[in-house]
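Asker: dropping a prediction and its sequence here:
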Amino acid sequence: VLQPAEDPLLFEFVARICRAVRAPMPREIVLDNSPNASASFRRGFWSLFSHDMRLTIGAPLVAGLTTQQFAGVLAHEFGHFAQGAGMRLSYLIRSISLWLTRAVYQRDGWDEWLEKSSQGDLQITWVVYITRALVWLTRRVLWGLMYLGHLVSSYLLRQMEFDADRYQAHVIGTESFIQVFERMKLLGFAHEMALHDLNDFYREGRLGNDLAKLIQLNISQMSDDVRKKIRELTAEEKTETFDTHPSLSERIASARRTNARGTFHDVRPASCLFRDFDATSEYSTMLFYRQIFGNQLDLNL
């Protein structure tokens with residue numbers, strides 16, 4: 001969890017982006033090790049009817065973007081903050097869908113008891129069989145409701161992404177918007193490469209001390225053929241029925257229709273917003289290892 005006293009420039013930057021898109025300031029800013037960012041309710045259901053929001057940003061994202069591109073990512077996430085009713089409705093629908101999914105597929109002690117009881121005397125087990133049939137029928141009905149819930153929530157989330165994209169395009173411009181997503185695709189692939197690298201390092205008895213730097217190193221070593229292949233794979237992506245995000249080609253087409261020039265332009269690295277990004281990124285990497293290995297790994301934090 002980042003603190004305003006330690007990174008005042010970052011928090012002031014975040015506040016100004018919030019004002020630009022007319023969104024509430026997040027109560028908490030968290031740094032993790034994913035090549036992405038997200039907006040969420042800080043305490044889940046208990047934050048549903050307030051502005052108790054959490055912004056999560058990935059250290060690889062900060063290390064791999066310019067300040068302008070990073071501003072666009074923040075504007076996108078704060079666009080979700082501005083979708084107050086939409087975020088709350090989608091959260092409720094997804095929560096209900098998750099409950100229905102568990103009710104349909106998850107088995108418990110009651111199911112085990114019915115299955116065991118159906119192997120006894122036929123004069124008794126016919127009641128159990130009828131009960132099991134009713135349970136199966138109930139789950140079929142719940143499956144239909146679950147399917148409908150997933151369908152509605154997926155469509156709603158895709159429309160919310162398009163809306164948040166418009167916030168992003170208006171802040172940094174359409175062309176920079178396109179560059180951000182192309183860059184994030186590279187970061188995603190490089191992140192997967194870095195995790196494979198760490199697996200190999202671990203077998204050799206060593207680990208990298210900065211995951212974000214390792215990702216940047218992998219990007220710098222990507223050949224033109226690999227970059228071309230990533231662009232081709234991205235262009236071939238299609239939006240499926242239950243996807244929560246539209247395909248990149250659809251998002252770019254929507255942004256081009258916006259044809260925004262943007263209001264913020266700065267090519268300095270986003271890491272300059274932190275007082276000491278290298279130290280912060282290294283500490284985040286150490287916490288990442290601690291989360292994976294627990295007390296099995298002796299790390300000097």
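Answerer: Happy to help now that I have it.

Asker: and for Glu237, the neighbour number?
Answerer: 15 (other C-beta atoms under 10 Å). Heads up, the C-betas are built off the backbone N, CA and C, glycines and all.

Asker: touching, it and Ser247? I think so.
Answerer: Yes. Judged on C-beta atoms under 8 Å, Glu237 makes contact with Ser247 at a distance of 4.4 Å.

Asker: angles on the backbone of the residue nearest to Gly208 when sequence neighbours are not counted, please.
Answerer: In this structure, Gly208 finds its nearest non-sequential neighbour in Leu214, 4.9 Å apart by C-beta to C-beta, 6 or more residues apart in numbering. Dihedral angles of Leu214 (phi, psi; degrees, to the nearest 10) stand at phi -60, psi -40.

Asker: for Lys238, same thing?
Answerer: Dihedral angles (degrees, to the nearest 10) for Lys238: phi -120, psi 150.

Asker: read off the pLDDT value for it.
Answerer: pLDDT, Lys238: 91.

Asker: and what of Gln123?
Answerer: At Gln123, pLDDT is 64.

Asker: list the contacts of Arg94.
Answerer: By C-beta atoms under 8 Å, 6 or more residues apart in numbering, the contact list for Arg94 reads 149, 153.

Asker: mind listing what's buried in the strand or helix carrying it?
Answerer: Element membership of Arg94 [criterion: DSSP states H and E] is helix 84-105. Counting neighbours by 16 or more other C-beta atoms under 10 Å, one finds that the buried residues in helix 84-105 are 86-87, 90-91, 93-94, 97, 100-101, 104.

Asker: phi and psi next, for Phe274.
Answerer: Main-chain torsions, Phe274, degrees, to the nearest 10: phi -100, psi 150.

Asker: same check, this time on Glu240
Answerer: Taking degrees, to the nearest 10, you get phi -90, psi 170 for the backbone angles of Glu240.

Asker: what is the neighbour count of it?
Answerer: 8.
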